[in-house]
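>>> Give me a 3D structure for the following:
(2 chains)
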Amino acid sequence: MTDQFDTTLDLALERQLNGEAMANILQDYPDKAEVLGRLLPVTAVLTTLPSVPLPDPATRQADRAAFLAEVDHLPQTAVSPTPLARLNGWIVATIPWLGHKTTRRKEKNMMSSLILKAALALTILFGVAGGAAITAADSLPDSPMYPVKLAMEDVQLAMVGDTETAVSLHTDLAAERLREMEQLALADQVPDEATLSRLQYHLESALDLAAQLPKQTMAGALLQIQEMVQTRTRTMEQVQAQAPEPPQAALTRARTMLQNTGDAVAAGLQDPQTLRWRHTTNRPEEAPVQPENTPHPGGVITPTVTITGTNPITTPLRLGPCASGDCGTPQGSGPYGPGRNGPQPEEPGVGPGPGQPQATPAGPGPLNTPQGDCPGCTCPNCDGAGNQYGPQPDDSGNGSGMPGGSDSGIPIGGQNQSGAQYQAPDNGNH
Amino acid sequence: MATDYDAMLQKAKQGDRQALTAIYDAFYTPLYRYVYRQVEGEETARDLTADVFHRLLQAIQKETGPDQYLQAWLYRVAHNTIVDHYRRMQYRDHLPLLEQMASAEDDPIRLAEANIAAAQVRQSMRQLTPDQQQVIALKFFAGLSNQEIALTIAKPIGAVKALQHRAIAALQRQLVPVEEELTV
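Model (predicted):
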């Protein structure tokens, strides 16, 4: 309706501008005569304005002369236009509707120029950053770009959202440290201590985080670590065979770390609960570090004890009231030594002194405990899963009975108050 | 005609003095009238018209000028020049020049009425939107067709007609009462 009236008004205006009387025009549009009758007088006002007086000829001549003077100062354009102009002309000739836009560039140039500059600046910024990142990714510890690489890795670690990914990332980074060490070794350079430390950190972190995973995903994470360990161990062996002497020590240490990790992973695959216990916060803070070797299959502790004191112990210690009598797991097992019912020093001054290694099976903590290998044993803690805080000797008179002053739980040679020298058994963690 | 202008333009872009002179001669008067209707005073109209041609030379020099539709480009530049002029005027406080200098044979009363009417039109035009102003000025002051106006303001003809309708309706609310008062 409005469009139609726009056209009607336009036609009426054209007729009016051509000098036709308003009454004649309105006659032809009876249904719109009222509206047109109000609007058409406006055009009468516009068209009856006094004519525009042109400047006098002298002034016009002066203006023209000024323009021509400016034309004369116009630098001569090359016969062949610039490449930009030619491109523009080609675009206009080929795509006419683009030519219309080119006539409107004046207003658009300012903003598009700003956007272009900002885009260029961002491109350069990200290009430089990306280039540095790519360069740093292949750097070795002796490279100036190596700190950038480590920083990027730290950022990656900080941005990891879930534990499973973190395990994967730590595993990859451990492999990367090993690769770096191999490359350095082949170049007759000794990997530095910091690289070894970071390797240790990544291996431990991977293991700790894997231990926090639920059962369903823990196995997968452990297998991933195991695969990396096996692959890198093989590579490391080859590199060690080719590498010169100076880096051999560091490579051996790295292999040891790999070996220890591999052992822990294998144990974790067999017994996830124990791995979780060892590597998660469920473990009491004051708990001693557990020995890494597997328990004696029989659970029977046969320490070769050499006591230089007055009360030599020469018989294998059989701890706890095990009904069958061949249970190697003493009751009151726990990381802090035998329980109250466990083997107690017969008299003060006889047992291991404070900080002495309980040469006897000092209460099988979870890892001191023979796993499920207790034939005929009726003690409830034979599986070693419980009683981590087994009662301690309270009347030894010579110390707490803690298994070793080093808090290690590993029976090592020591001396009690009475000067008895204990000789740890060969597999002295039983 | 447009083709003639475009041919002149291509020569002018090569720095052809004759072509530039021809363009000046062809467009000076219509542009001057177009500008004169919308500003106050001959001097201002001359300055602004000269500015339009100056911008044409600058555009040719920078190779940012039109490739075709020279007339539309010139009127668009003229419109922008007028807008710039009024923008500058906002920050100046001065008395407007007389619309037309009286000559001996002019009737002073008729001349005064004409000046008042012209001033009233300009005043009313300033109340319109820029697009509406441009359509009215191009239609009634420059005498362009709807198609030429559409090219100049880069809008379809339907939009030109719609702008024209709304502009005339707005002017009617302002101009006609004045006209009635003048006749009374």
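
>>> Name the SS class of B:Leu128, please.
Here B:Leu128 is recorded as coil under DSSP: H, G, I helix; E, B strand; the rest coil.

>>> What's the separation between it and B:Met8?
For B:Leu128, the distance to B:Met8 (Cβ to Cβ, to the nearest Å) stands at 33 Å. C-beta: built from backbone N, CA, C; applies to glycine.

>>> Name the residues that touch stretch B:31-49?
Here stretch B:31-49 makes contact (Cβ atoms under 8 Å, 6 or more residues apart in numbering or on different chains) with A:49, A:52-55, A:59, A:63, B:28, B:52, B:74-75, B:78, B:81-82, B:85, B:96-99, B:118-119, B:121-122, B:125, B:133, B:137-138, B:141-142.

>>> Report the buried residues of it.
Buried residues in stretch B:31-49, counting neighbours by 16 or more other Cβ atoms under 10 Å in any protein chain shown, are found at B:31-40, B:42, B:44-46, B:48-49.

>>> got it, and stretch B:53-73?
With burial defined by 16+ other Cβ under 10 Å, the residues of stretch B:53-73 counted as buried are B:53, B:55-57, B:59-60, B:65-73.

>>> what's the offset of that stretch from the middle of its chain?
Distance of stretch B:53-73 from the chain centroid (Cα atoms, centre = their mean, to the nearest Å) equals 17 Å.

>>> Endpoints of it, how far apart?
With Cα to Cα, to the nearest Å as the measure, stretch B:53-73 spans 11 Å from end to end.

>>> near chain A at all, that stretch?
Yes: counting by Cβ under 8 Å from any Cβ of the partner chain, chain A has neighbours in stretch B:53-73: B:53-54, B:57, B:60-61, B:63-64, B:66-69, B:73.

>>> hang on, the earlier thing: of all the buried residues of stretch B:31-49, the one with the weakest confidence?
Note: of the buried residues of stretch B:31-49, the lowest pLDDT belongs to B:Glu40, at 78.

>>> what's the burial count for whichever residue of the stretch 201-350 of chain A sits closest to chain B?
Using Cβ to the nearest Cβ, the closest approach of the stretch 201-350 of chain A to chain B is made by A:His202 at 60.7 Å. Using other Cβ atoms under 10 Å in any protein chain shown, A:His202 is surrounded by 24 other residues.

>>> got the residues of the stretch 301-430 of chain A near chain B?
With Cβ under 8 Å from any Cβ as the criterion, the stretch 301-430 of chain A does not meet chain B at any residue.

>>> element containing the residue of the stretch 201-350 of chain A closest to chain B?
Applying DSSP states H and E as the criterion places A:His202 in helix A:193-212.

>>> so for stretch A:59-75, what's the average pLDDT?
Mean predicted confidence for stretch A:59-75 is 86.

>>> Can you tell me what sits against it?
Here stretch A:59-75 makes contact (Cβ under 8 Å, 6+ apart) with A:54-55, B:15, B:17, B:20-21, B:24-25, B:28, B:46, B:49-50, B:53-54, B:57, B:60-61.

>>> Identify those among the residues you listed that sit within helices.
If you go by DSSP state H, the contacts of stretch A:59-75 have B:17, B:20-21, B:24-25, B:28, B:46, B:49-50, B:53-54, B:57, B:60-61 in helices.

>>> Going by distance to A:Ala267, which of the residues you listed wins?
If you rank the ones in helices among the contacts of stretch A:59-75 by distance to A:Ala267 using Cβ to Cβ, B:Gln61 comes first, at 83.8 Å.

>>> on that earlier part again, list just the nearest of the buried residues of stretch B:53-73 to A:Val92.
Ranked by distance to A:Val92 (Cβ to Cβ), the buried residues of stretch B:53-73 are led by B:Asp67 at 4.9 Å.

>>> Please, which helix or strand holds that closest one?
Assessed by DSSP H and E, B:Asp67 sits outside every helix and strand.

>>> May I ask you to confirm that it is in contact with A:Arg86?
No: judged on Cβ atoms under 8 Å, B:Asp67 makes no contact with A:Arg86 at a distance of 11.9 Å.

>>> What pLDDT does the model give A:Glu182?
At A:Glu182, the pLDDT value in this model is 89.

>>> State the distance from A:Pro55 to chain B.
Look at A:Pro55 and chain B: by Cβ to the nearest Cβ, to the nearest Å, they are 6 Å apart.
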